[in-house]
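Colleague: With the sequence up front, the predicted model follows.
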Amino acid sequence: MQNNLTEKDIEKLNEWAEKCNIKELKIKDKEKIFNLKELFISSKKIYKRIDIKYIPAELFKLTKLKKLSIDCGKLKKLPKEIGNLENLEILEIHNDDLNPTELPDEIYNLIKLKELALS
């Protein structure tokens, strides 16, 4: 599994993580970011609610992720690049506005997926 993250990808992830207060992605080390196994993306923070309306495509280059939890009420759709997460075993999506019938077809590329939780 090749690390195809560019410096520009890391910069975009860092900027997005800063806006969305996602500490796991606020690092500049290419190998540390690429080797993340779990990631929790939430718009619910301790002091305030953050409107996360999109997930950058660069996040889906983190192909070593095994668990991805997304809790974002303003997110309208998942990017098709989610199908790149070839090692993903657990995908949790907590979002009232995301219609399960509108998940991208690329979700079927997640052949290691053992658990899909939609709520």
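Modeller: Sure, I can see it. Numbering: from 1, shown residues only.
Colleague: Name the SS class of residue 19, please.
Modeller: What DSSP: H, G, I helix; E, B strand; the rest coil gives for residue 19 is helix.
Colleague: Tell me how many other residues surround it.
Modeller: 11 (other C-beta atoms under 10 Å). Heads up, the C-betas are built off the backbone N, CA and C, glycines and all.
Colleague: Which stretches in this structure count as strands?
Modeller: Secondary structure of the chain (DSSP state E): strands at 38-42, 67-71, 90-94, 115-118.
Colleague: Output those strands in CSV, with distance to residue 59 appended to each entry.
Modeller: Listed next are these as CSV, based on distance: least, C-beta to C-beta, whole Å:
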stretch, distance to residue 59
strand 38-42, 8
strand 67-71, 9
strand 90-94, 13
strand 115-118, 18
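Colleague: Any chance of CSV for those strands, columns mean pLDDT?
Modeller: What follows is the strands of the chain, written out as CSV (pLDDT from 0 to 100):
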stretch, mean pLDDT
strand 38-42, 92
strand 67-71, 93
strand 90-94, 93
strand 115-118, 92
